[in-house]
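Q: Need coordinates for the following:
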Amino acid sequence: MSSTRRYLSILSSCGVFLVAALALVYQGPAMIRDADPFWHIAAGDWIRAHHQLPQNDPWSFSAGVYRWFNISWAWDTLFSYIHEQWGWYGAEAATALTVGLAIALTYSAGIMVCGDGIAAFFAIFAGLPILLPSLRPLEITNLMAALWMLLLIAVTAKKLHPAWLVALPVSMIVWVNSHGGFFIGFIMLVAFTVEALRTRDRQLVAALVAAGLMSFVAIFINPYGVGILEAVYRPLTTTANHILSEWQPFSFSPDSLLTHFYLPLFALLVFRYPLPVNPAVRWLSYVWLGIGLLTVRSLGVFVIISAPLLACRLKELLKPKRPPTAFAIMIRQHATTWLANPFAAGLGLALCIAFSVWLPSAAANRLLGIDQASIPSLAKEEDFIKTHYPHAHILIHFDLGGMVEYDTQGTIRTFMDGRTETAFPAQVMQDYIDFEYAMPGWERMLDHYHIDGVLIPKGTPPFVMARPDLYDRFAQRSGWKKAFDGPMAVLFMRGQ
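A: Here you go, the predicted model:
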């Protein structure tokens, strides 16, 4: 890539980052799609208060001494601090910046592959509904996937020196301490290494293998050491995966295809056409399309990996049918002269840094006027429990557990939450599933855990999705009585 094109790419990527982050921050409370952000912030609060990682769950009465592997501890701690300083708005703004940077890096990879900024922009824009931010450490995996794809594409295309691959093990230290998706990086490395072997590029193979070995060593730079492998294995094989919506296969319907417009667009424009792209990009795109169709939480990584490939196809379709006029050529030359230079690129980067510091601040919140009133709260239900049943064992619904932990820090003990088997034994998970789905013998778990009451959400999708029969099961059950009907949930107590 020439210096002129490099500077222009940097400047345009800065523009994409600024626009994307500013637009995404207006998602506001919509980023909180389940209770996971609550327990993540609560975990960060606990870590910062105790200056250590908890060995087991500090909030429930069901986990006991079972080892809790908090593989997102670094994200939790950082966002706990951001939340303390700037509230939920600050956490949302930081998430918007994270996703905006992932989008900008993917856009930059698209330019590097196809050489056309407009095609690269439309490719990533098409996948934007899939990349809409959620306030969770999963966004770190999307960001790292974008960074690794950009570096691997640039190095294998000889646009960056192989020495740049040292950024992979360095970033792996951040990745492995923030989210369990770090293994995706090794899948990328294997694909690009196989392609380098096929083309017999020995220098590149050596550089990729060295980066892979250093990255493998880097995954053990974490508080759990080799235990990180068990920590990642647990959520992949949890018995709760079949009830977690994000782990379900993609559902083909008119609504889902409108939201996931990127999928049919990719299928129509890419499958049938050979494109001048590193085969590793193509095969990674196909593999991650399959994984994304099997588990919808992986579709974000699919967009990031495949967008450069789609950009190449869009470049062909957007190619003008007629040659540009002399006036258009003159305008382009003048724009390039003014914009494609180190000063403009440096100014763009400086603006991005200043914007990133400003966006989470209270001043930005006042200027943008983003309302936080719609963030769900169990305050009234929690106040009633603390006043009337402070020592009771209450089976709090799965979708509410994280909120109670965030609000009470263990004052009200929960049964379980979205951490699944990273924090709770498999038997606890199975017992809860039996309770939720009214499996034969589910009533026995009420006695086994000495359950005095149940807190059932009224159902405000998509945040909580309680089974419709759960309320009736206790409303009509002998020996149980409604003790409190709150804004978000209903409390039933035994022996009332």
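Q: Tell me which stretches of the chain form strands.
A: 394-396, 453-457, 480-485, 489-494 (DSSP state E).
Q: will you turn those strands into JSON lines that also has mean pLDDT and distance to residue 13?
A: Quick note: C-beta positions are derived from backbone N, CA and C, even for glycine. Putting these into JSON lines (pLDDT from 0 to 100; distance: least, C-beta to C-beta, whole Å) gives the following:
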{"stretch": "strand 394-396", "mean pLDDT": "94", "distance to residue 13": "45"}
{"stretch": "strand 453-457", "mean pLDDT": "92", "distance to residue 13": "42"}
{"stretch": "strand 480-485", "mean pLDDT": "92", "distance to residue 13": "52"}
{"stretch": "strand 489-494", "mean pLDDT": "92", "distance to residue 13": "45"}
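Q: Including distance to residue 292 and mean neighbour count, could those strands go into a markdown table?
A: Output for the strands of the chain, formatted as a markdown table (distance: least, C-beta to C-beta, whole Å; neighbours: other C-beta atoms under 10 Å):
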| stretch | distance to residue 292 | mean neighbour count |
| --- | --- | --- |
| strand 394-396 | 32 | 24 |
| strand 453-457 | 29 | 25 |
| strand 480-485 | 41 | 16 |
| strand 489-494 | 33 | 22 |
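Q: Out of those strands, which is closest to residue 276?
A: Of all those, it is strand 453-457 that lies closest to residue 276, at 52.3 Å by C-beta to C-beta.
Q: Each with direction, which strands does the closest one pair with?
A: Using DSSP bridges, the strands paired with strand 453-457 in its sheet are strand 394-396 (parallel), strand 489-494 (antiparallel).
Q: Export the ones you listed as CSV, with columns for distance to residue 381.
A: Converted to CSV, those look like this (distance: least, C-beta to C-beta, whole Å):
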stretch, distance to residue 381
strand 394-396, 9
strand 489-494, 5
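Q: out of these, nearest to residue 451?
A: strand 394-396 (4.9 Å).
Q: Determine how far the closest one lies from the middle of the whole chain.
A: Chain-centre distance of strand 394-396: 28 Å, with C-alpha atoms, centre = their mean, to the nearest Å.
Q: Give me the distance between the two termini of stretch 266-284.
A: 14 Å (C-alpha to C-alpha, to the nearest Å).
Q: what's it in contact with?
A: Contact partners of stretch 266-284, identified using C-beta atoms under 8 Å, 6 or more residues apart in numbering, comprise 113, 149, 152-153, 156-157, 187-188, 191-192, 194-195, 198, 285, 289, 305-306, 308-310, 312-314, 316-317.
Q: Figure out which of the strands paired with strand 453-457 is closest to residue 61.
A: strand 394-396 (9.1 Å).
Q: Hmm, residue 102 and residue 143 touching each other?
A: Yes - between residue 143 and residue 102 there is a contact under C-beta atoms under 8 Å: 4.4 Å.
Q: Output the lowest mean pLDDT helix or strand found in this structure.
A: Scoring the helices and strands of the chain by mean pLDDT, DSSP states H and E places helix 326-339 at the bottom, with a mean of 57.
Q: Thought residue 117 was touching residue 9, still the case?
A: Yes - between residue 9 and residue 117 there is a contact at 7.4 Å, judged by C-beta under 8 Å.
Q: Name the residues contacting each of the two.
A: Joint contacts of residue 9 and residue 117 (C-beta under 8 Å, 6+ apart) are residue 111.
Q: low pLDDT regions in the stretch 101-250 of the chain?
A: In the prediction, the stretch 101-250 of the chain carries no residues with pLDDT under 70.
Q: so which of the strands of the chain gets nearest residue 425?
A: Using C-beta to C-beta, the strands of the chain put strand 394-396 closest to residue 425, at 15.9 Å.
Q: who touches the closest one?
A: Taking C-beta under 8 Å, 6+ apart as the rule, strand 394-396 contacts 385, 404, 412-415, 435, 446, 449, 451-455, 491.
Q: Would you mind measuring from residue 241 to residue 39?
A: Residue 241 sits 18 Å away from residue 39, going by C-beta to C-beta, to the nearest Å.
Q: actually residue 182, not the one I typed
A: 21 Å.
Q: Quick one: the helices in the stretch 151-300 of the chain, in order.
A: Along the stretch 151-300 of the chain, the segments classed as helices by DSSP state H, counting those that start in this stretch run 167-176, 183-198, 202-218, 228-236, 254-259, 262-270, 279-294, 299-318.
Q: packing partners for the fourth one?
A: It refers to helix 228-236. Counting contacts by 3 or more C-beta pairs under 8 Å, 6 or more residues apart in numbering; DSSP states H and E, helix 228-236 is packed against no other helix or strand.
Q: In it, which of the residues would be classed as buried?
A: 228, 231-232, 234-235 (16 or more other C-beta atoms under 10 Å).
Q: Just the closest of the residues you listed to residue 364, please.
A: Nearest to residue 364 among the buried residues of helix 228-236, with distances taken as C-beta to C-beta, is residue 235, at 34.2 Å.
Q: most neighbours, which of the contacts of strand 394-396?
A: Within those, residue 404 tops the neighbour count with 31 neighbours, counted by other C-beta atoms under 10 Å.
Q: OK, contacts around residue 128?
A: Residue 128 neighbours (C-beta under 8 Å, 6+ apart): residue 103.
Q: I'd like the distance between it and residue 139.
A: Taking C-beta to C-beta, one finds residue 128 at 14 Å from residue 139.
Q: Need phi/psi at residue 413.
A: Main-chain torsions, residue 413, degrees, to the nearest 10: phi -80, psi 140.
Q: Could you check how far the nearest residue to it once chain neighbours are set aside is from residue 456?
A: Using C-beta to C-beta, 6 or more residues apart in numbering and skipping the chain neighbours, the partner closest in space to residue 413 is residue 61 (4.4 Å). Using C-beta to C-beta, one gets 18 Å for the distance from residue 61 to residue 456.
Q: Kindly report the same for residue 40.
A: In terms of C-beta to C-beta, residue 40 sits 24 Å off from residue 456.
Q: before we move on, the earlier item: do you know which of the strands paired with strand 453-457 lies nearest residue 428?
A: Per C-beta to C-beta, nearest to residue 428 of those: strand 394-396, 11.2 Å.
Q: What separation do you get for the residue most central in space within the chain and residue 357?
A: With distances taken as C-alpha atoms, centre = their mean, the chain has residue 138 as the residue nearest its mean C-alpha position (2.4 Å). Separation of residue 138 from residue 357 (C-beta to C-beta) stands at 24 Å.
Q: now swap in residue 439 and tell me
A: 52 Å.
Q: What lies in contact with stretch 185-201?
A: Counting by C-beta under 8 Å, 6+ apart, 144-145, 148-149, 152, 156, 168, 172, 175, 204-205, 208-209, 211-212, 215-216, 278-280, 283-284, 287, 305 sit against stretch 185-201.
Q: hmm, which of those are the buried ones?
A: 144-145, 148-149, 152, 156, 168, 172, 175, 204-205, 208, 211-212, 215, 278, 280, 284, 305.
Q: ok, now how distant is the residue nearest to residue 413 from residue 404?
A: 12 Å.
Q: shared neighbours, those two?
A: In contact with both residue 61 and residue 404: residue 414, using C-beta under 8 Å, 6+ apart.
Q: that older thread, on the pLDDT front, check the residue nearest to residue 413 for me.
A: According to the prediction, residue 61 has pLDDT 93.
Q: For the longest helix along the chain, enumerate the helices and strands it packs against.
A: Counting by DSSP state H, the longest helix found in the chain is helix 73-114. Applying 3+ C-beta pairs under 8 Å, 6+ apart, one finds that helix 73-114 makes contact with helix 3-24, helix 36-50, helix 117-126, helix 128-131, helix 138-156, helix 299-318, helix 362-368.
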